[in-house]
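Q: Mind looking at a prediction? Sequence and model below.
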Amino acid sequence: MSNAVPDTERAWTVGTAPGIFPSIGHPIALLRRPLDFLNSLPARGDLVEIRLGPLRAWMACHPEVAHQVLMDTRTFDKGGPLYNRLRPLMGNGLVTCRQDAHRRQRRLLQTDFRPSRVADHTDMMRREAEVACREWRAGGEVDVSAATLALTTRVMNHVLFSDSLGGAAAAEVGERLAVIVRGLFVRTAVPVDAPFRVPTPANRRYRHAVDRVHAIVDEVVARRRRGGPDGDRDDVLGTLLSAAREGSSGVTEQEVHDQLVTLLLTGAESTALCLASALDLLARHPEAERRLHAEVDAVTADRPRPGPDELPYTRSVVAETLRHRPPGWLFTRITTQETTLAGQRLPRGTTVLYSPYLLHHDPASFPDPERFLPERWLPGATADPRGAMLPFAAGSRKCLGDTFAVAETTLALATIAGRWRLRHLPGYAERLRPAATLGHRSLLMTCEPRTHAPARPALRSRPLTPRATAAVRVQDPRTAGDNGVDDA
């Protein structure tokens with residue numbers, strides 16, 4: 001779909017005023033060509049009306065408009081089609097809860113994802129990445145999507161449950177998760193319930209997948225409550241059960257369940273998609289791949305187990321992957337009172353959408369947005385002057401696990417790249433089909449063992465400047481002090 005605005009529609013977009021987008025075919029376009037549809041919107045205004053069946057909604061197409069939505073969480077609360085569909089899955093956990101419950105939940109879980117705790121997990125992250133690629137064979141075919149999801153599920157198993165989920169259960173969670181994310185997007189783009197009550201095979205698979213994930217989490221919690229080998233542990237489940245025992249924190253048994261399901265699903269799926277996308281993009285951009293390999297070889301020659309901050313170019317690859325292909329690509333909010341946004345009066349109960357993918361691919365914010373350029377995030381580059389980089393949202397509901405996810409992806413990418421070079425199969429063509437998240441569902445690649453050449457110091461990237469580091473972590477002066485799909 002072209003970004004050009006037909007003359008008959010140009011009058012509907014005046015300066016920064018809202019644009020009116022003809023409603024016929026919006027659900028069809030969003031389902032069939034969602035990324036093209038999103039990329040067509042900024043040319044129509046800073047705030048564009050779209051229709052999703054009977055639902056009237058407004059898309060924030062300018063970074064300042066998106067920031068206004070994200071920073072004013074009292075007026076623009078979690079709600080709309082996405083969160084209406086997520087709540088039966090995740091309950092009232094950190095991602096889906098309303099603003100009046102958020103502060104307490106955030107404070108409860110924040111400690112387990114602070115930078116100091118992330119640093120405690122880096123050896124585990126690296127070890128799990130080594131396990132992920134240990135069985136690969138030269139010339140062999142690898143399902144990268146499955147491998148990365150298995151990796152990130154094991155990492156979340158450790159952080160949430162101290163590995164008490166069990167190998168078979170962890171593998172089943174990954175399988176069920178793939179079914180869930182496919183079903184969620186359809187349920188978001190079609191905001192009526194009737195089609196999903198029909199017992200079709202797809203609807204039955206979705207319901208069974210949701211039920212199994214809930215049952216698996218309940219089994220782990222029950223074992224921990226019984227004590228024995230799975231007694232008190234220094235993990236997220238331990239934090240939640242301790243708070244529930246105290247009684248004064250307001251944590252119920254249902255909340256323990258909801259928070260664990262929320263963190264397990266969002267922490268495994270989004271990070272796996274980012275890592276798989278990075279490997280896919282590197283295979284299609286040999287110069288970026290060469291620079292990453294050179295950095296990994298040089299840094300590991302001095303220190304075999306570097307931390308994520310010692311791999312600045314690798315972190316830049318992760319940042320550019322998050323810009324180019326953000327796993328969380330479309331989100332909704334609901335107005336809690338009448339307000340004005342980009343000059344448009346919005347009554348209470350209005351659905352507002354923002355899309356990191358749209359913002360990241362607007363050439364007004366990122367020149368040549370379709371090009372994969374990790375150099376955008378290196379020292380001296382002003383990568384994001386308009387604050388459009390929002391893979392983890394912003395404000396008080398900025399992603400709880402942003403630092404954790406970037407560190408995990410950086411270390412996993414460096415570990416895999418130190419051993420293997422991945423190549424696409426003959427005839428490969430990119431076919432991204434967004435679901436609740438954005439990325440490949442079945443990325444098949446072949447592996448070539450790396451031959452390490454002597455490291456050349458000239459190829460080593462300089463450490464990131466404070467601004468570049470902030471860009472990689474997607475911090476913003478307006479969100480300083482905030483440290484979770486989005487968006488917790």
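A: That came through fine.
Q: so after the top helix by length along the chain, what's the next helix or strand?
A: Longest among the helix segments of the chain by residue count, using DSSP state H, is helix 253-283. Note on helix 253-283: by DSSP states H and E, the next helix or strand toward the C-terminus is helix 286-302.
Q: For that following helix, name the packing helices and strands.
A: Judged by 3 or more Cβ pairs under 8 Å, 6 or more residues apart in numbering; DSSP states H and E, helix 286-302 is in contact with helix 253-283, helix 312-324, helix 402-417. Using the backbone N, CA and C atoms, a C-beta is placed for each residue, glycine as well.
Q: how distant is the second one from the center of its chain?
A: Read that as helix 312-324. 14 Å (Cα atoms, centre = their mean, to the nearest Å).
Q: Quick one: list the elements packing against that helix.
A: Helices and strands touching helix 312-324, by 3+ Cβ pairs under 8 Å, 6+ apart, are helix 253-283, helix 286-302, helix 402-417, helix 466-473.
Q: The longest one: how far from the chain's middle?
A: Spelled out, it's helix 253-283. Per Cα atoms, centre = their mean, the displacement of helix 253-283 from the mean C-alpha position of its chain is 7 Å.
Q: State the mean pLDDT of stretch 91-110.
A: Confidence for stretch 91-110, expressed as mean pLDDT, is 93.
Q: Give me the buried positions along it.
A: Residues of stretch 91-110 classed as buried by neighbour count (16 or more other Cβ atoms under 10 Å): 91-97, 99, 101-102, 105-106, 108-109.
Q: can you redo those residues as TSV with distance to residue 78?
A: What follows is those, written out as TSV (distance: Cβ to Cβ, whole Å):
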residue	distance to residue 78
91	13
92	10
93	11
94	10
95	8
96	6
97	7
99	7
101	10
102	8
105	12
106	13
108	17
109	16
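Q: can you pull out the strands in the chain?
A: Listed in chain order, the strands of the chain (DSSP state E) span 19-20, 47-52, 55-60, 76-78, 141-143, 331-335, 339-341, 344-346, 351-354, 420-424, 444-449.
Q: The fourth one packs against which elements?
A: The one in question is strand 76-78. Helices and strands in packing contact with strand 76-78 are listed as strand 331-335; criterion 3+ Cβ pairs under 8 Å, 6+ apart.
Q: what comes into contact with the strand it packs on?
A: With contacts defined as Cβ atoms under 8 Å, 6 or more residues apart in numbering, strand 331-335 is touched by 57, 69, 75-83, 188, 346-356, 393, 485-487.
Q: Go again with 6 Å.
A: 69, 76-77, 79-82, 346, 348, 350-354, 486-487 (Cβ atoms under 6 Å, 6 or more residues apart in numbering).
Q: Find the nearest non-adjacent residue to residue 132, please.
A: Taking Cβ to Cβ, 6 or more residues apart in numbering, and ignoring the residues beside it in sequence, residue 132 has residue 151 as its nearest neighbour in space, at 4.2 Å.
Q: do residue 176 as well
A: Nearest-residue entry for residue 176: residue 209, 4.0 Å, with adjacent residues in sequence omitted and distances by Cβ to Cβ, 6+ apart.
Q: Now do that neighbour against residue 199, distance only.
A: Here the criterion is Cβ to Cβ, to the nearest Å. By it, residue 209 lies 15 Å from residue 199.
Q: Which residue of the two possesses the greater neighbour count?
A: Comparing residue 209 with residue 199 by neighbour count (other Cβ atoms under 10 Å), the higher total belongs to residue 209, at 22 against 8.
Q: quick one: pLDDT of that one?
A: Per-residue confidence for residue 209 comes out at a pLDDT of 92.
Q: Provide a list of residues in contact with it.
A: Counted by Cβ under 6 Å, 6+ apart, residue 209 has contacts 176, 179, 180.
Q: I'd like those residues written out as TSV, with neighbour count and distance to residue 43 added.
A: Output for those, formatted as TSV (neighbours: other Cβ atoms under 10 Å; distance: Cβ to Cβ, whole Å):
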residue	neighbour count	distance to residue 43
176	20	40
179	18	36
180	20	34
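Q: Show me those that map onto helices.
A: Helix and strand membership here follows DSSP H; of the contacts of residue 209, those in helices are 176, 179, 180.
Q: how near is the nearest residue to residue 437 once chain neighbours are set aside to residue 348?
A: Counting by Cβ to Cβ, 6+ apart, residue 437 lies nearest to residue 327, which is 4.6 Å off, once chain neighbours are set aside. In this structure, residue 327 and residue 348 are separated by 31 Å, where distance is defined by Cβ to Cβ.
Q: between these two, which one's more packed in?
A: Neighbour tally, residue 327 and residue 348, criterion other Cβ under 10 Å: the higher count belongs to residue 327, 27 against 11.
Q: picking up where we left off before, quick one: least confident of the contacts of strand 331-335?
A: Among the contacts of strand 331-335, residue 486 carries the weakest pLDDT, at 48.
Q: returning to what we had before: pipe the ones in helices among the contacts of residue 209 into CSV and attach pLDDT per row.
A: Rendered in CSV, the data for the ones in helices among the contacts of residue 209 read as follows (pLDDT from 0 to 100):
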residue, pLDDT
176, 88
179, 85
180, 86
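Q: Quickly name whichever of those is closest to residue 255.
A: residue 180 (20.6 Å; Cβ to Cβ).
Q: Contact partners for the closest one?
A: If a contact means Cβ under 6 Å, 6+ apart, then residue 180 has residue 209 as its contacts.
Q: before we move on, back to that, mean pLDDT for the helices and strands packed on helix 312-324 - can I get that in TSV?
A: Supplementary listing: the helices and strands packed on helix 312-324 in TSV, determined by pLDDT from 0 to 100:
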stretch	mean pLDDT
helix 253-283	95
helix 286-302	96
helix 402-417	97
helix 466-473	33
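Q: Can you lay out these as a markdown table showing mean neighbour count?
A: Shown next, in a markdown table, are those (neighbours: other Cβ atoms under 10 Å):
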| stretch | mean neighbour count |
| --- | --- |
| helix 253-283 | 25 |
| helix 286-302 | 18 |
| helix 402-417 | 26 |
| helix 466-473 | 18 |
